[in-house]
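> what follows is a predicted structure for the sequence shown.
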Amino acid sequence: GTAAPGSSLDRLTQEQESVIPSAPSDNSLSLQSQRERLPIAKYRDKLLYCIEQYPITIVVGQTGSGKTTQLPQYLLEAGWAAAGNVIACTQPRRVAATSVAARVASEVGTVLGEEVGYTIRFEDVSDKDKTRIRYMTDGILFREALLNPLLSRYSVIMIDEAHERSLYTDLLLGILKKIRRKRPSLRIVVSSATLDAKSFHDYFCSGASPQEATIISLEGRMYPVEVAYLEAPTTDYIKTAVEVTWKINLQHVVGDILVFLTGREDIERFLEEITELIPSLPRDAPQINPVALHSGLSTEEQLKVFSPAKPNSRKVIAATNIAEASVTIDGVHFVVDCGFVKIRSYNPSSQLSSLSTVPVSLASATQRAGRAGRTSPGICYRLYPESCLASLAVATPPEITRTDMTTPILQLKSLGIDDLMKFEWISVPPAESILRALETLVAARMIGEDGRLTVMGQRVAECPIELRIARMLFSSKEFSCGEEILTIAAMIAVQDVFVIPDGAPGALAELERRKFTAEEGDHLTLLNVYNAFTRYGRSSSWCKAHALNFRAMSRAMSIRSQLSKYMMRFDLPKQSCEGDAKRLRQCLVSGYWRNVARWMADGTYRSIQNDQILHVHPTSVLFTRKPRTGWVVFHELEETKKLQIKVITEIEPDW
Ligand code: ADP
Ligand code: MG
């Protein structure tokens with residue numbers, strides 16, 4: 001437990017300089033001695049013994065104890081990667097896979113991508129022959145099972161961050177239980193930050209011998225964390241986060257500050273506001289080094305959070321949920337928790353998924369607070385009143401219970417799991433979402449009358465993109481626009497193509513974007529951006545001048561060429577629509593047939609699925625304009641204070 005009795009934020013102003021002893025700086029220590037100081041080090045032999053003895057080992061330990069970075073190395077050192085075997089470690093988040101792999105590569109003393117590598121969607125930094133430890137997202141390992149159902153090249157598979165219960169973690173646990181029966185030599189490690197080990201244990205032992213699985217708990221020292229609350233709720237948590245961070249900096253001598261926000265937009269606004277204040281810092285106050293941590297950053301940018309603060313200054317790390325458990329940053333003494341998290345949720349009756357900003361669960365709030373007490377006592381400032389605690393959910397429900405099951409079911413079928421009732425779910429998804437998914441797959445001609453996958457279904461299951469985008473790639477043959485759909489698919493897979501330049505929020509980017517604006521909407525605008533980039537740009541200076549993110553654009557090029565190989569494999573022609581935007585938009589409808597909305601005289605839209613009120617997201621080129629036909633398709637639904645549609649294109653109602 002971390003929560004000390006709550007106190008009001010007002011005490012901040014009265015507090016004298018608190019003296020928090022600073023932890024001995026790890027930078028002076030060699031990587032080897034840093035490894036030995038981690039709590040997991042004492043358990044090395046015991047862990048290796050259990051993994052030898054038991055098919056399934058469940059490891060529970062506080063975040064930061066060394067599970068993710070050390071365990072795969074112990075296994076490597078003990079010979080588990082001999083004879084061409086590979087040790088896999090899965091992560092629910094891409095950022096965790098890449099940053100941990102970079103760290104472990106330097107601990108092992110190898111170039112990233114050789115002995116230690118990572119694989120995330122569209123980015124493979126591993127070597128078929130050389131890589132011995134492979135960090136990867138759970139989704140990638142699951143997809144690998146489609147091609148190699150026994151996952152035979154892995155001697156040990158570590159399902160990390162299992163407590164998070166991401167969709168693909170659950171699905172992997174399900175198929176691993178099957179694979180394990182066919183491959184007795186396979187070793188499975190399930191690691192978790194919280195004490196839900198018993199449920200994983202019961203899951204693996206049901207229908208098997210009690211000798212099937214064992215649990216190891218790593219003791220980790222945890223310092224007390226004092227928790228402070230706001231007296232009254234805030235309507236602008238970013239502004240409040242800036243104020244609280246500012247006060248912490250003035251009142252305490254040492255210790256970095258970790259600020260939990262919901263996403264990239266929040267983080268950028270927070271950093272912008274705090275950076276603006278820096279010139280007004282009193283001379284005797286510590287300097288502030290602001291850093292961001294979210295999934296839109298490059299691997300190098302992500303690693304910046306680990307570099308120590310400069311002398312006489314402190315790091316202020318503005319992070320998403322990534323920092324809650326998957327990435328541990330040493331030196332944090334203060335946590336500022338906005339109290340919200342962005343999650344994907346799914347409404348089976350309308351069959352629409354949306355990204356919603358919702359209050360965190362109690363489990364998350366406790367975990368976030370705990371980040372302040374790793375190396376010394378700390379303080380967590382929650383940006384809501386203590387009375388709100390009573391209304392928080394105990395834990396976030398597993399993703400499988402609140403997600404669109406269409407793609408997962410397609411993939412399970414492709415693995416030969418036709419009888420979904422017999423699959424050993426760790427949590428059963430709601431019957432309605434299974435039913436809707438099956439209906440969708442039949443309507444999309446991916447499952448035939450006999451309940452089996454069609455040829456197209458089998459191919460789409462292999463494609464590393466969302467089902468509706470895959471479907472557009474397939475229909476592009478009919479509409480002769482493969483060339484353009486390929487580009488749109490790649491641009492959609494990359495996020496954050498447009499940059500919000502420092503100091504001129506929105507304005508400049510808006511102006512720059514106008515140059516690429518297509519009347520028909522955002523998809524064609526993205527196409528224009530891509531074409532201009534490949535024709536004139538391909539340089540970071542060109543991107544900068546046009547308020548585009550060079551890294552995102554380069555990623556789009558790489559994704560496009562990867563998707564282009566799938567088109568070739570599936571014998572889909574790459575014809576150009578030769579500027580015929582109508583054909584292209586018809587092709588978009590073939591994928592977005594559920595995401596249709598109609599314009600209303602008051603400027604809002606109504607979803608065709610369930611008549612919900614929708615607003616256009618301000619980033620859309622249709623933000624200020626009525627679509628000529630009154631009808632649109634949209635890529636994404638985001639819920640903050642209202643429901644907003646993002647990436648929109650005009651269509652004809654009779655399509
Ligand atoms: P766990 O998985 O148990 O939460 P980790 O293995 O992720 O623990 O972390 C162990 C230690 O390694 C932590 O102290 C963390 O700060 C450190 N660490 C992880 N990645 C890096 C990195 N890229 N640079 C510096 N330190 C790192
Ligand atoms: Mg970890």
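Noted; the coordinates are in hand. The shown structure was predicted, so the numbers you read here are calculated from the model rather than taken from an experiment. Ligands and ions are numbered 1, 2, ... in the order given.

> can you pull the contacts of the residue in the stretch 201-350 of the chain that ligand 1 sits nearest to?
With CB to the nearest ligand atom, the shortest gap between the stretch 201-350 of the chain and ligand 1 falls at residue 306, namely 3.6 Å. Every C-beta, even on glycine, is put in place using the N, C-alpha and C of the backbone. For residue 306, the contacting residues are 99, 103, 329, 330, by CB atoms under 8 Å, 6 or more residues apart in numbering.

> reformat these as CSV; add pLDDT.
Conversion of the contacts of residue 306 to CSV gives the following (pLDDT from 0 to 100):
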residue, pLDDT
99, 93
103, 95
329, 90
330, 88
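
> so the residue lying closest to residue 103 once chain neighbours are set aside, which of the three states?
Spatial nearest neighbour of residue 103, excluding adjacent residues (CB to CB, 6 or more residues apart in numbering): residue 69 at 5.7 Å. Going by DSSP: H, G, I helix; E, B strand; the rest coil, the secondary structure assigned to residue 69 is helix.

> thought residue 215 was touching residue 56?
No - taking CB atoms under 8 Å as the definition, residue 215 is not a contact partner of residue 56, at 9.7 Å.

> and those two? which has more neighbours close in?
residue 56 (26 against 18; other CB atoms under 10 Å).

> can you give me the neighbour number for the residue nearest to the more buried one when sequence neighbours are not counted?
Nearest non-adjacent residue to residue 56, counting by CB to CB, 6+ apart: residue 213, 3.8 Å away. For residue 213, the count of nearby residues is 22 (other CB under 10 Å).

> what values do phi and psi take at residue 213?
Here is the backbone geometry of residue 213 (degrees, to the nearest 10): phi -140, psi 150.

> so which residues of the stretch 551-655 of the chain form helices?
For the stretch 551-655 of the chain, the helices defined by DSSP state H, counting those that start in this stretch occupy 581-591.

> export the contacts of residue 306 to a markdown table and tack on secondary structure and distance to ligand 1?
Output for the contacts of residue 306, formatted as a markdown table (DSSP: H, G, I helix; E, B strand; the rest coil; distance: CB to the nearest ligand atom, whole Å):
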| residue | secondary structure | distance to ligand 1 |
| --- | --- | --- |
| 99 | helix | 5 |
| 103 | helix | 3 |
| 329 | coil | 6 |
| 330 | coil | 4 |
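
> tell me the one of the residues you listed nearest residue 622?
The closest of those to residue 622 turns out to be residue 99 (CB to CB; 37.0 Å).

> from residue 480, how far out is that closest one?
Separation of residue 99 from residue 480 (CB to CB, to the nearest Å) stands at 43 Å.

> comparing these two, which residue is more hemmed in?
Counted by other CB under 10 Å, residue 99 and residue 480 do not tie: residue 99 has more neighbours, with 25 against 17.

> pretty sure that one contacts residue 303?
Yes - counting by CB under 8 Å, residue 99 touches residue 303, with 6.2 Å between them.

> hang on, residue 47 is in a strand, isn't it?
No - using three-state DSSP, the secondary structure at residue 47 is helix, not a strand.

> which ones are touching it?
Residue 47 neighbours (CB under 8 Å, 6+ apart): 40, 57, 59, 71, 74, 216.

> kindly report the same for residue 173.
Contact analysis of residue 173 by CB under 8 Å, 6+ apart lists 159, 162, 190, 200, 203, 426.

> give me the mean pLDDT for the helix or strand harbouring it.
Using DSSP states H and E, residue 173 sits within helix 167-182. In this model, helix 167-182 has an average pLDDT of 96.

> which is the next helix or strand following it?
Following helix 167-182 toward the C-terminus (DSSP H and E): strand 187-192.

> how about whichever helix or strand comes after that following strand as PDB, C-alpha atoms only?
Using DSSP H and E, the helix or strand that follows strand 187-192 in sequence is helix 197-205. What follows is helix 197-205, C-alpha atoms only, in PDB (Å, rounded to 0.1, in the frame of the first residue of the first chain):
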ATOM      1  CA  ALA A 197      -0.900 -14.200  -9.600                       C
ATOM      2  CA  LYS A 198      -3.400 -16.700  -8.200                       C
ATOM      3  CA  SER A 199      -5.800 -16.200 -11.100                       C
ATOM      4  CA  PHE A 200      -3.100 -16.900 -13.600                       C
ATOM      5  CA  HIS A 201      -2.000 -19.900 -11.600                       C
ATOM      6  CA  ASP A 202      -5.500 -21.300 -11.500                       C
ATOM      7  CA  TYR A 203      -6.000 -20.700 -15.100                       C
ATOM      8  CA  PHE A 204      -2.900 -22.800 -16.100                       C
ATOM      9  CA  CYS A 205      -3.500 -25.500 -13.600                       C
END
